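Novice: Structure for this input, please:
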Amino acid sequence: MKRFYVALLLLVSAVTTQAATLSGTVRDSKGAVIAKAHVVVHWDGAGSNYLGDNVGIKEDVTVSTDPNGKFSVERPAGFYDVFVAATAFAPHCEKIRLKEKQSKNVEVKLTLSKITSKELD
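Specialist: Residues are numbered from 1 along each chain as shown. As a prediction, the model looks like this:
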């Protein structure tokens, strides 16, 4: 049992040392922040057999933007798809790469959905 705890501690410390922070702000096309937008960060494992730093985590992480349109998540180094959606706006998707111990900031601009704007006219 002691070996199990030692192995678990080593695994947790290895993941922690490789953690990177992804943060950003979600805005509309006029620059106003969008609160309560949904942000999903999904690991892209393609090439993980060839790229030693594409460790990622298979579980998606979902967060909502705060009242200032900001979000922040910690993930291990790797390639990720960042999906952003908010009520009445067209969704946004972007592929990013997080490197070990990196802080990466993304600025997301959402445009009003054509279907929504058509229905509101």
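
Novice: contacts and neighbour counts: CA atoms only from here.
Specialist: Noted.

Novice: For stretch 59-72, buried residues please.
Specialist: For stretch 59-72, the neighbour count (16 or more other Cα atoms under 10 Å) marks 64, 65, 66, 69, 70, 71, 72 as buried.

Novice: can you give me the helices for the chain?
Specialist: Assigned by DSSP state H, the chain shows helices spanning 2-17, 114-120.

Novice: where's residue 46 relative to residue 19, distance?
Specialist: Counting by Cα to Cα, to the nearest Å, the gap from residue 46 to residue 19 is 19 Å.

Novice: Give me the more crowded residue out of those two.
Specialist: Using other Cα atoms under 10 Å as the criterion, residue 46 and residue 19 rank with residue 19 on top: 22 against 11.

Novice: Could you give the bridge partners of that one?
Specialist: With DSSP bridges applied, residue 19 shows beta-bridge pairing to residue 76.

Novice: which residue is nearest the middle of this protein?
Specialist: Nearest to the mean C-alpha position of the chain, by Cα atoms, centre = their mean, lies residue 41 at 3.4 Å.
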